[in-house]
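Peer 1: below are the sequence and a predicted model for it; my questions follow.
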Amino acid sequence: MNKTELRRHMRRQRRALNRRQREQAARHLLRALRQSAHFQHSRHIAVYLTNDGEIDTSVFIRDLQRRGKTLYLPVLHPLRKGHLSFLPFNRQSRMVKNRFGISEPDFAGHRAMPARFIHLICMPLVAFDKDGNRLGMGGGFYDRTLAFSRQPGNKPRLIGCAYELQKTAALPAEDWDIPLTAIATDAGLHRFQAYAE
Ligand SMILES: Nc1nc2c(c(=O)[nH]1)N(C=O)[C@@H](CNc1ccc(C(=O)N[C@@H](CCC(=O)O)C(=O)O)cc1)CN2
Ligand SMILES: Nc1ncnc2c1ncn2[C@@H]1O[C@H](COP(=O)(O)OP(=O)(O)OP(=O)(O)O)[C@@H](O)[C@H]1O
């Protein structure tokens, strides 16, 4: 399968799950994330709101809020095409729909948090492999936004979130792909080379 076919296949697979499967997977995802010390030690955490059959993040978002973490959501940057900004997300956030129909905090009047100061970014993905390569929706948003993390300096840990069924045989690693720290699924936490760094 090429990347386009693989995306179509995985997006169909995850959309086909029923409500009971989704709810159970969301609970198991929280359990997997909590296995990671990075999750416990991070105060500033970026999450995402579930879209297109992605694994449900609402259970772990509530858990993080209860623990008093400061949360951020990705927002399509209004000026820098193909880039994301991270805006604070809390009960007061005024939400608007972006051009993909995903809710995001209203950019107007808010201060974005530079990605290098976020401790942990929970990333959506469409497919992953055993080495932690990630295939996204195809916009290159996260890769572009996180390209700075190849250079020395502050950088966030990156934890992908997905159903275990999104795991696939080796994905072609692209030059611009940023290596993930770990991937959390309904089956547990997959740790990669970057995990201990
Ligand atoms: N929940 C969630 N939020 C996210 C992402 C994501 O993958 N998941 N993104 C991660 O990058 C960014 C948005 N990227 C996206 C890229 C494409 C599509 C999408 O549905 N594409 C349609 C075509 C829609 C159109 O062009 O109008 C498609 O491929 O069918 C959605 C989000 C930021 N926020
Ligand atoms: N750092 C970067 N600088 C410029 N272009 C980039 C960068 N990273 C990715 N791109 C471009 O983005 C396009 C989409 O990349 P890719 O298919 O890997 O996206 P993706 O990881 O699936 O998407 P997303 O990150 O939005 O979930 C590619 O054509 C690539 O050229």
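Peer 2: It's in. Ligands and ions are numbered 1, 2, ... in the order given.
Peer 1: for Q13, pull up the helix or strand it's in.
Peer 2: According to DSSP states H and E, Q13 maps onto helix 3-15.
Peer 1: and that helix, how far from the chain's centre?
Peer 2: Offset of helix 3-15 from its chain centre (C-alpha atoms, centre = their mean, to the nearest Å): 17 Å.
Peer 1: from the contact counts, what lies against whichever helix or strand comes after it?
Peer 2: Once helix 3-15 ends, the next helix or strand along the chain (criterion: DSSP H and E) is helix 19-34. Using 3 or more C-beta pairs under 8 Å, 6 or more residues apart in numbering; DSSP states H and E, the elements in contact with helix 19-34 are helix 58-66, strand 157-161, strand 182-185, strand 188-191. Where C-beta positions appear, they are placed from N, C-alpha and C, glycine not excepted.
Peer 1: the same query, at a cut-off of 6 Å, please.
Peer 2: Judged by 3 or more C-beta pairs under 6 Å, 6 or more residues apart in numbering; DSSP states H and E, helix 19-34 is in contact with helix 58-66, strand 182-185.
Peer 1: so the nearest residue to V47 once chain neighbours are set aside, which of the three states?
Peer 2: Of all residues not flanking V47 in the chain, C122 sits nearest, at 5.0 Å (C-beta to C-beta, 6 or more residues apart in numbering). Under DSSP: H, G, I helix; E, B strand; the rest coil, the three-state class of C122 is strand.
Peer 1: distance of C122 relative to A162?
Peer 2: To A162, C122 is 11 Å away according to C-beta to C-beta, to the nearest Å.
Peer 1: picking up where we left off before, and the angle from the helix holding Q13 to helix 19-34?
Peer 2: Orientation note: helix 3-15 sits at an angle of 110 degrees relative to helix 19-34 (axes from the mean of the first three to the mean of the last three C-alpha atoms, to 10 degrees).
Peer 1: no more questions from me, cheers.
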